[in-house]
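Novice: sharing a model prediction with you, sequence too.
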Amino acid sequence: ATPNFEATDQDIFRAKIKTTGITETEFRFEGVHFSIVDVGGQKTERRKWIHCFESVTSVIYLTALDSFDMKMVEDAQTNRLLDSLENFGEVTKSPHFKKTSWILFLNRVDLFESKYATDRGMRAFKKLFPEAEDSLDASSAIELISKKFSNNYGNTTRSLY
């Protein structure tokens, strides 16, 4: 960046901060106590997760839709979105989460749509999901990803939201 560069609100909004370790935030809303635990998404952080989930009632699983054409930092051969899909299946099958409600957040929709709108993005998506129709629009592509996660959901006792 140039010495006089000033970040815009959009720059700040789009900044991605790597989560490492475990961060807990507690708050009350309408008399209900909430505890939000961010466990980090990197593979190296995953072994630390399990002890955070005793007596958890809900898990919000976040996945970046725009990662469909990206590789893992830790493993340059593994696609980020496919890794997230596989990890989702593994953790939702865990006996630790038998009584846990799951909420799937497919985020970064705007960035997905921008990437997907390009020829390069469509080719990358089609390579990742060969069953996708050539004429698929971005909303239908997101629906396909959503169905992949739903089909990989491993908790047979609770609904996926």
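Specialist: Everything's here; your move.
Novice: list the buried residues of stretch 61-73.
Specialist: 61, 63-69, 72 (16 or more other Cβ atoms under 10 Å). (Glycine included, C-beta is placed from N, CA and C.)
Novice: hang on, I meant stretch 81-94
Specialist: Under the neighbour-count criterion of 16+ other Cβ under 10 Å, stretch 81-94 has 81, 83-85, 87-88, 91-92 buried.
Novice: name the SS class of the spatially most central residue of the chain, please.
Specialist: Centre of the chain computed as the mean C-alpha position; nearest residue by Cα atoms, centre = their mean is Thr63, 1.0 Å away. On the three-state scheme (DSSP: H, G, I helix; E, B strand; the rest coil), Thr63 is labelled strand.
Novice: so how far is Ile142 from the closest residue in space to it that isn't next to it in sequence?
Specialist: Nearest-residue entry for Thr63: Ser84, 4.5 Å, with adjacent residues in sequence omitted and distances by Cβ to Cβ, 6 or more residues apart in numbering. In this structure, Ser84 lies at 14 Å from Ile142, with Cβ to Cβ, to the nearest Å as the measure.
Novice: can you confirm Leu144 is in a strand?
Specialist: No. Judged by three-state DSSP, Leu144 forms no part of a strand; its state is helix.
Novice: wait, it touches Glu133, no?
Specialist: No. Judged on Cβ atoms under 8 Å, Leu144 makes no contact with Glu133 at a distance of 9.1 Å.
Novice: higher neighbour count, those two?
Specialist: Just comparing Leu144 and Glu133: by other Cβ atoms under 10 Å the higher neighbour count belongs to Leu144, 15 against 10.
Novice: state the pLDDT value of that one.
Specialist: Confidence at Leu144, expressed as pLDDT, is 96.
Novice: quick one: contacts for it?
Specialist: When contacts are counted by Cβ atoms under 8 Å, 6 or more residues apart in numbering, Leu144 touches 129, 132, 136.
Novice: can you give me the distance of the first one to Tyr61?
Specialist: Distance from Phe129 to Tyr61, counting by Cβ to Cβ: 20 Å.
Novice: now Ile103: phi and psi?
Specialist: Reported as degrees, to the nearest 10, the phi and psi values for Ile103 are phi -120, psi 120.
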